[in-house]
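[1] Sharing a model prediction with you, sequence too.
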Amino acid sequence: MRIVPAAREHHAEFARFFAELHTEDPLPDVGRWALEMAPGTFFLAEGDALVGYTYCEAYGERGYVRHVVVAPQARGRGVGSALMQALATRLAAAGCSRWELNVHVGNDAAVGLYERWGMREEYRSHVLRMPWENVARLPSSARPVVVRPVERDDDAAIERRFRLPEGQVARLRSFEGMILLQLAERGEPVAFARFDPRVPGCFPFRVASAELARPLLEGVRSHARATDPWIQLVVEDDAATGDALLAAGAQPKIAIVHMSGAIPKP
């Protein structure tokens, strides 16, 4: 097997692997793929066939593995391990000492692969679909928060407050069409969302307490398309907010295990 760096002309192959993620997210178009994803993507080829795909991002010492997919016809032949080896090499070369990823609950084969490469479960997250009409059912907050855009001067404070890797907010801002919003309380960030109207959804979606989900969503709604009846939210390691959203009528879509570990040395 050999590594094939991704290029614009690989969009059709990317689409084939993307479908195997089973996220229900819309397929990024060729322009978005080439600009945002291809630089962090490579394939594994066996002969003339592409049998594996992965997409990753490096943030200082932390490497995020966003996608790992083995072609259905190539499973059970060591392609997953070859992808992980290539990822470890790439991320270590970028200065990362740890890596992390999300995997669907119940995908035991993938969890076993990641465990063999030193990762362990850190927390669980949930993808929820919230009807806009149900946002009013969420608990209201009396806290003196204001919704405002995230400016560059806000990045470091948001990353510290919500344990995001350094540089991630700036990267999210660089993607076309993204809307970055925060709730500020006495000048300090207490909630943060990156909203992509094309999904439509928020990831990350972080609040300091569950009562702040409603004012943050009300701020996001002004940027949503009028034709979209719902918003999709990735609620990470936050049972209280997840429970509040479910109680207000959010629909559970995907349960996720977040795994992390030290990148094995060559």
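    In hand now; what should we look at? Numbers count the residues shown, from 1 in each chain.

[2] And L91, how close does it get to W230?
    According to C-beta to C-beta, to the nearest Å, L91 stands 35 Å off from W230. In this view, the C-beta of every residue, glycine as well, is placed from N, C-alpha and C.

[3] Over to V105?
    Separation of V105 from W230 (C-beta to C-beta) stands at 22 Å.

[4] Looking at those two, which one has more neighbours?
    Neighbours were counted for V105 and for W230 using other C-beta atoms under 10 Å; W230 has more, 17 against 13.

[5] what pairs with that one across the strands?
    W230 has the following beta-bridge partners by DSSP bridges: P131.

[6] OK, contacts around it?
    With contact taken as C-beta atoms under 8 Å, 6 or more residues apart in numbering, W230 is in contact with 129-132, 200.

[7] ditto for D154
    Going by C-beta under 8 Å, 6+ apart, D154 touches 169, 182, 189.

[8] returning to what we had before: show the buried residues in the contacts of W230.
    The neighbour-count criterion (16 or more other C-beta atoms under 10 Å) marks 129-130, 132, 200 among the contacts of W230 as buried.

[9] Any figure for the gap between F205 and P149?
    Using C-beta to C-beta, F205 is found at 16 Å from P149.

[10] neighbour count winner among the two?
    Higher neighbour count among F205 and P149: F205, with 25 against 11, using other C-beta under 10 Å.

[11] In three-state terms, how would the more buried one be classified?
    Here F205 is strand, with the state taken from DSSP: H, G, I helix; E, B strand; the rest coil.

[12] and the two most separated of the contacts of W230?
    Using C-beta to C-beta, the pair of those lying farthest apart is P131 and P200, separated by 12.0 Å.

[13] any chance you could map the helices in the chain?
    11-19, 30-32, 79-93, 108-116, 155-161, 168-174, 213-221, 239-247 (DSSP state H).

[14] Any chance of JSON lines for those, columns mean neighbour count?
    Formatted as JSON lines, these follow (neighbours: other C-beta atoms under 10 Å):
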{"stretch": "helix 11-19", "mean neighbour count": "17"}
{"stretch": "helix 30-32", "mean neighbour count": "14"}
{"stretch": "helix 79-93", "mean neighbour count": "18"}
{"stretch": "helix 108-116", "mean neighbour count": "15"}
{"stretch": "helix 155-161", "mean neighbour count": "17"}
{"stretch": "helix 168-174", "mean neighbour count": "17"}
{"stretch": "helix 213-221", "mean neighbour count": "22"}
{"stretch": "helix 239-247", "mean neighbour count": "18"}
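
[15] V4: which of those helices is closest?
    For V4, the closest of the helices of the chain is helix 11-19, at 9.1 Å, according to C-beta to C-beta.

[16] list the contacts for the residue most central in space within the chain?
    Nearest to the geometric centre of the chain sits F203, at 5.9 Å (C-alpha atoms, centre = their mean). Neighbour list for F203: 194, 196, 233-234 [criterion: C-beta under 8 Å, 6+ apart].
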